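Engineer: Quick one: sequence plus predicted model below, questions after.
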Amino acid sequence: MRRFFAAAVGSVLALAGFAGVAQPSATIDLIWKDNGTNEIGFGGPGFQEIQLNVILTAGPAGSEGAGVSVDFREFGAETLVLSASREFNDNPTPANTPSSGSDSVLPIQGELPQIRETRVELINAVCICDLGIGTGLEAGQSHQLGYVTFNVALLDRSVRYTITSDADGPSDGVLDGDGNEILPKTEITFNSAFLELPEPGALPVLGSGIAVLALVYRRRRYSVEP
C-alpha cells in the first residue's frame, strides 16, 4: 500500500491483513465533462475553461480507492491548470456512486491533489471499509476520483493534445478490494484524453453548409455527469 491516504487511514487498512485476491486490476479513464467522452474537438467563441474528470473502474477483485496523476506536458504551461480537486457533492458518478454522504463508496480524500509543473498528482479517494466508512467498489463499478480544470484559451490551434494518466507520483497507488496496492502496475489500464482546438477561421458558421465540427466519441460513454 502507498501513502496517498492519510496516515490514520493507512494504519487502519494495515490491520485488515494482506489476503490475496485473484487477478486484481483496475482502469483509469479521463473523461471530458462537456461531452462525456475522452475526446473533444470544439473551441467556440469564449471557449476557455474545460473540466477533465478522473474515473476509477474496479477490476474483478474490486477496489478500495486510488490516488493517480494526470500529465498534461503537451500543454507546456503549469498556469493552464485552474483547479484540481476531489469533488465533494451528492451528485451521482457514472456508476451511481455518490461522492459524499453515508452511501458513498470512496468518501475519504487523504491529501489534496498536488500541481507539479505539468502534472497533477494525488487525485485520490479511498474508503475504510472495515469501519464502515465507505463500501469500496465492486467488480466493474466506477467512481469519480476527482477532476482537473484547464484554461485552454492560450493553447495553439489546430494541434491535437494528449493528456495521460498514471500512478507514477510519489504518493500514487491503486488499491484492490482488500486494500492492497495493485502490482505490477501493468495490471492497471491508464487511458488518455484528447483535445483539439481548430483555427478560429475554421469554426462552424451557421448557414454556410460547411460541416467542420468533429466530435469523436469514444466507445465507452458515461451518460451521467457529476
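Structural biologist: That came through fine. Numbers count the residues shown, from 1 in each chain.
Engineer: What are the boundaries of the strands in the protein?
Structural biologist: With DSSP state E, the ranges of strands along the chain come out as 26-32, 39-40, 49-58, 65-71, 81-85, 114-116, 119-126, 142-151, 159-166, 173-174, 188-190, 193-197.
Engineer: Compare these and give me the one nearest Ile108.
Structural biologist: Closest approach to Ile108 among the strands of the chain (CB to CB): strand 119-126, 5.1 Å. Just so you know, the C-beta spots here come from the backbone N, C-alpha and C atoms, and that holds for glycine as well.
Engineer: so the closest one versus strand 81-85, what angle?
Structural biologist: 20 degrees (axes from the mean of the first three to the mean of the last three CA atoms, to 10 degrees).
Engineer: what would the strands of the chain look like in a markdown table with mean neighbour count?
Structural biologist: Compiled in a markdown table, those are given as follows (neighbours: other CB atoms under 10 Å):
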| stretch | mean neighbour count |
| --- | --- |
| strand 26-32 | 23 |
| strand 39-40 | 21 |
| strand 49-58 | 23 |
| strand 65-71 | 27 |
| strand 81-85 | 17 |
| strand 114-116 | 15 |
| strand 119-126 | 27 |
| strand 142-151 | 23 |
| strand 159-166 | 16 |
| strand 173-174 | 27 |
| strand 188-190 | 18 |
| strand 193-197 | 21 |
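Engineer: Lowest mean pLDDT across the ones you listed, which one is that?
Structural biologist: Among these, strand 81-85 carries the lowest mean pLDDT, at a mean of 75.
Engineer: CA atoms only for that strand - export them in PDB, please.
Structural biologist: The C-alpha trace of strand 81-85 is given here as PDB (Å, rounded to 0.1, in the frame of the first residue of the first chain):
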ATOM      1  CA  VAL A  81      -4.400  24.400 -14.500                       C
ATOM      2  CA  LEU A  82      -7.200  26.400 -12.900                       C
ATOM      3  CA  SER A  83      -8.200  23.900 -10.300                       C
ATOM      4  CA  ALA A  84      -7.600  20.300  -9.300                       C
ATOM      5  CA  SER A  85      -9.900  18.700  -6.700                       C
END
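Engineer: quick revisit: looking at the strands of the chain, spot the one closest to Gly132.
Structural biologist: Closest approach to Gly132 among the strands of the chain is made by strand 119-126 (13.9 Å; CB to CB).
Engineer: Not counting its own residues, what contacts that closest one?
Structural biologist: Residues from elsewhere that reach strand 119-126 (CB atoms under 8 Å, 6 or more residues apart in numbering): 4-5, 9, 54, 56, 64-73, 81, 84, 86, 99, 106-114, 134, 143-148, 169-172, 175.
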